[in-house]
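**Student:** A structural model of the following input is requested.
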Amino acid sequence: MNNKKEKLARAGMVAKGAVYALIGVLTAMAAFNLGGSKSGSDNALQFLAGQPFGQVLLGALAIGLFGYAFYRIYEAVNGPGASWSEAKGFVKRAGFIVSGIFYGALGFTATKMIVSGSSGSGGNSAVSTLMSKPYGAYVIGFVALCLLGKALFQIYKAYSGKFREDVKESSLSQKERKALIRAGKIGFTSRGIVSGILAFLFFKVALGNGADAGGKVAAFDFLQDNFGAAVMGIVALGLVAYAVFMFIQAKYAQIRI
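**Tutor:** Okay, here's the model as predicted:
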């Protein structure tokens with residue numbers, strides 16, 4: 001991977017971290033009555049758009065998100081490790097492609113907001129539209145299974161330490177290494193919790209027991225309604241920890257392409 005592509009990949013990691021930082025901070029502020037609001041990716045973009053030089057910030061974020069999308073898809077096609085023909089390789093590379101599509105779409109949403117001021121949000125209507133189709137419940141159920149798998153894998157990464165494999169720890173100071181490990185464990189745990197709740201909500205929709213699954217905002221609503229605002233705030237702060245991990249990874253990542 002040449003130097004320009006590597007810089008683009010690292011910029012993408014910073015952009016991803018920035019999105020998680022905004023989601024976590026805004027939601028934690030709402031949980032502890034400090035302002036803010038329960039947020040997902042679109043809310044984070046809308047918050048940026050409302051800041052001084054918001055269009056510039058959105059533009060920079062969009063470039064970074066497109067960079068991360070490129071990195072993930074490039075990794076899926078040309079990355080090392082198990083190939084598409086192996087079960088492990090298929091799951092891993094398919095995950096990279098899904099991740100690339102998601103962050104590419106988020107970059108497109110940011111670009112659309114710059115051009116037209118539209119948020120481009122439509123996740124709930126998409127779920128409702130799917131459920132109106134004969135095959136909708138099966139598709140939603142499949143999404144729920146994927147989210148459950150993601151949740152379990154995030155928890156596994158948190159406590160197996162596999163997240164450390166993506167970082168050149170030899171380049172880190174002792175303080176940075178401690179921050180990496182702490183942020184990784186807390187961050188991946190919080191991501192696992194949010195993904196697990198979303199899996200549950202999607203299963204409910206697939207079984208006809210829920211109106212819509214929503215996104216991270218729906219997961220935060222679930223946490224607040226069932227466990228209280230404090231727990232919601234703690235999980236949100238965990239996403240800030242994940243952002244810290246992404247910022248460290250952006251600087252010291254092992255780009256294996």
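**Student:** Where does the residue lying closest to residue 159 once chain neighbours are set aside sit, in terms of helix or strand?
**Tutor:** Using Cβ to Cβ, 6 or more residues apart in numbering and skipping residues adjacent in sequence, the residue nearest residue 159 is residue 185, 7.0 Å away. In short, each C-beta sits where N, CA and C put it, glycine included. Here residue 185 sits within helix 174-206, counting by DSSP states H and E.
**Student:** what helices or strands is that helix leaning on?
**Tutor:** Counting contacts by 3 or more Cβ pairs under 8 Å, 6 or more residues apart in numbering; DSSP states H and E, helix 174-206 packs against helix 136-160, helix 216-227, helix 229-252.
**Student:** Between helix 136-160 and it, find me the angle.
**Tutor:** Counting by axes from the mean of the first three to the mean of the last three Cα atoms, to 10 degrees, helix 174-206 lies at 160 degrees to helix 136-160.
**Student:** How far off centre is helix 174-206?
**Tutor:** 10 Å (Cα atoms, centre = their mean, to the nearest Å).
**Student:** per-residue pLDDT, the residue nearest to residue 159?
**Tutor:** Residue 185 is assigned a pLDDT of 96 by the prediction.
**Student:** how many neighbours does it have?
**Tutor:** Residue 185: 18 surrounding residues under other Cβ atoms under 10 Å.
**Student:** Can you tell me how far it is from residue 7?
**Tutor:** 28 Å (Cβ to Cβ, to the nearest Å).
**Student:** Residue 244 too?
**Tutor:** Counting by Cβ to Cβ, the gap from residue 244 to residue 7 is 21 Å.
**Student:** quick one, which of the two is more surrounded?
**Tutor:** For the pair residue 244 and residue 7, the greater number of neighbours falls to residue 244 (20 against 13), based on other Cβ under 10 Å.
**Student:** Go ahead and confirm the more buried one touches residue 179.
**Tutor:** Yes - counting by Cβ atoms under 8 Å, residue 244 touches residue 179, with 6.8 Å between them.
**Student:** got any ranges where this protein has weak pLDDT?
**Tutor:** In the predicted model, the chain carries pLDDT under 70 at residues 1-2, 117-126, 210-213, 256-257.
**Student:** how about it, which residue sits the furthest from its center?
**Tutor:** Residue distances from the centre of the chain (Cα atoms, centre = their mean) peak at residue 134, which lies 29.8 Å from the mean C-alpha position.
**Student:** Give the helix, strand or coil label for that residue.
**Tutor:** Of the three states, residue 134 takes coil under DSSP: H, G, I helix; E, B strand; the rest coil.
**Student:** which of the helices and strands packed on helix 174-206 sits most buried?
**Tutor:** The highest mean neighbour count among the helices and strands packed on helix 174-206, using mean count of other Cβ atoms under 10 Å, belongs to helix 229-252: a mean of 21.
**Student:** which strands and helices sit next to that one?
**Tutor:** With 3+ Cβ pairs under 8 Å, 6+ apart as the test, helix 229-252 has helix 3-31, helix 174-206, helix 216-227 packed against it.
**Student:** what's the angle from it to helix 136-160?
**Tutor:** The directions of helix 229-252 and helix 136-160 differ by 70 degrees, with the same axes, to 10 degrees as the criterion.
**Student:** how distant is helix 229-252 from the center of its chain?
**Tutor:** Distance, stretch centre to chain centre, for helix 229-252: 11 Å (Cα atoms, centre = their mean).
**Student:** What is the neighbour count of the nearest residue to residue 184 once chain neighbours are set aside?
**Tutor:** Distances taken as Cβ to Cβ, 6+ apart place residue 163 nearest to residue 184, at 4.3 Å, with adjacent residues excluded. By other Cβ under 10 Å, the residues close to residue 163 number 21.
**Student:** doesn't residue 156 make contact with the residue nearest to residue 159?
**Tutor:** No - using Cβ under 8 Å, residue 185 makes no contact with residue 156, being 11.7 Å away.
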